[in-house]
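Engineer: let's see this in three dimensions:
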Amino acid sequence: MTEPERPAGKIDPTVPAVARMYDYYLGGKDNFPADREAAEKILEMSAQGGADVREIARANRSFLVRAVEAVARAGVRQFLDIGTGLPTQDNVHQVAHRIVPDAKVVYSDNDPIVLVHARALLADNSDTVIIDGDAHDPKGLLAAAAQHLDFSQPVAVLAVALFHYFGGDDEVAGIVRALREPLAPGSHLIISHAYVEKGQSTRERKDGTEDIYRRTTSGVLHLRDADMVRTYFDGLELLEPGLVPVQNWRNDDPFIVPGMEKGGLLGGVGRVP
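Structural biologist: Numbers count the residues shown, from 1 in each chain. From the prediction side, this is the model:
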């Protein structure tokens, strides 16, 4: 099962891309000097505040793995991963297929390098595809995904470390509503999001990182508090332990991530009743 390929978008290696910066945090090699330079600045600034961005990225990845495992064990056989980023270890299809060997997985991204790498990785996988989709256009993205997934049956939709790259609160709320609209009972929504404690200024937590992200392909880094992120699950059954720091979500071996005492990444999984 493959999607007709569109010509890849123009790649400007001089402009840092958040997907490639994240790849660098995770120890990957699919990045350019501009990505590494921007990522190193983030690492340096975060370290000054006592945070370890590499550990935060790894904690987020581990949350994705545990969330996909939980949803697959709950009987979900279809997955839509939005803003998937560059392939790494324990991708969604690899995790899901360990539990549901014939699970259908659709990845969606609009970064041309992500698309090229994912298509190469998935060339011989009939149950997994990647589509060129933009979360700013959720209806178009869902229409493309519907060519491969049956939305009359449960689907797990993942938006992991995605929405903090969207500046408008109203836009994100609208995207979440659009993504939830076609989901059948038994579907799940998996979200992780950069956050700050309520009452703590966003500017205080950014420590100058805003300027760096403004120069990336994303153009923004927008931290939100837990109350705002929790609204994305309104009307859903929030799985235990609720909306918590990603390293604490169903982790049998919890650990402390430096710098995440008053912020970091929140993760949650909601079920459509």
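
Engineer: name the residue closest to the centre of the chain, please.
Structural biologist: Val160 (2.1 Å; CA atoms, centre = their mean).

Engineer: mean confidence score for stretch 29-49?
Structural biologist: Stretch 29-49 shows an average pLDDT of 85 in the prediction.

Engineer: mind listing what the residue nearest to the centre of the chain touches?
Structural biologist: Neighbour list for Val160: Asn60, Phe63, Leu64, Asp81, Gly83, Ile190, Ile191, Ser192, Gly267 [criterion: CB atoms under 8 Å, 6 or more residues apart in numbering]. Quick note: C-beta positions are derived from backbone N, CA and C, even for glycine.

Engineer: who's it bridged to?
Structural biologist: Following DSSP bridges, Val160 is listed with bridge partners Ser192.

Engineer: what about it, distance to Leu236?
Structural biologist: Using CB to CB, to the nearest Å, Val160 is found at 16 Å from Leu236.

Engineer: again with Val114
Structural biologist: According to CB to CB, Val114 and Leu236 sit 28 Å apart.

Engineer: buried set for the top helix by length along the chain?
Structural biologist: Longest helix in the chain by number of residues (criterion: DSSP state H): helix 53-73. Residues of helix 53-73 classed as buried by neighbour count (16 or more other CB atoms under 10 Å): 53-64, 66-72.

Engineer: show me how far it is from its chain's centre.
Structural biologist: Distance of helix 53-73 from the chain centroid (CA atoms, centre = their mean, to the nearest Å) equals 10 Å.

Engineer: immediately after that helix, which helix or strand?
Structural biologist: Using DSSP states H and E, the helix or strand that follows helix 53-73 towards the C-terminus is strand 78-82.

Engineer: which helices and strands does the following helix or strand past that next one pack with?
Structural biologist: The C-terminal neighbour of strand 78-82 among helices and strands, as given by DSSP H and E, is helix 92-99. Contact analysis of helix 92-99 by 3 or more CB pairs under 8 Å, 6 or more residues apart in numbering; DSSP states H and E lists helix 53-73, strand 78-82, strand 104-109 as its packing neighbours.

Engineer: nearest to Val229, of the ones you listed?
Structural biologist: helix 53-73 (13.6 Å; CB to CB).

Engineer: and the angle for that closest one with helix 92-99?
Structural biologist: For helix 53-73 against helix 92-99, the angle by axes from the mean of the first three to the mean of the last three CA atoms, to 10 degrees is 40 degrees.

Engineer: helix 53-73 to strand 78-82, inter-axis angle?
Structural biologist: Using the same axes, to 10 degrees: helix 53-73 against strand 78-82 is 160 degrees.

Engineer: quick check: Ala118 touching Ile131?
Structural biologist: No: Ala118 is beyond contact range of Ile131, at 9.8 Å (criterion: CB atoms under 8 Å).

Engineer: Arg20: what secondary structure?
Structural biologist: Per DSSP: H, G, I helix; E, B strand; the rest coil, the local secondary structure of Arg20 is helix.

Engineer: next one: the spatially closest residue to Val95 that is not a sequence neighbour from Gly267, what distance?
Structural biologist: Residue nearest to Val95 in three dimensions, not counting chain neighbours: Val68, with 4.4 Å by CB to CB, 6 or more residues apart in numbering. Per CB to CB, Val68 is found 12 Å from Gly267.
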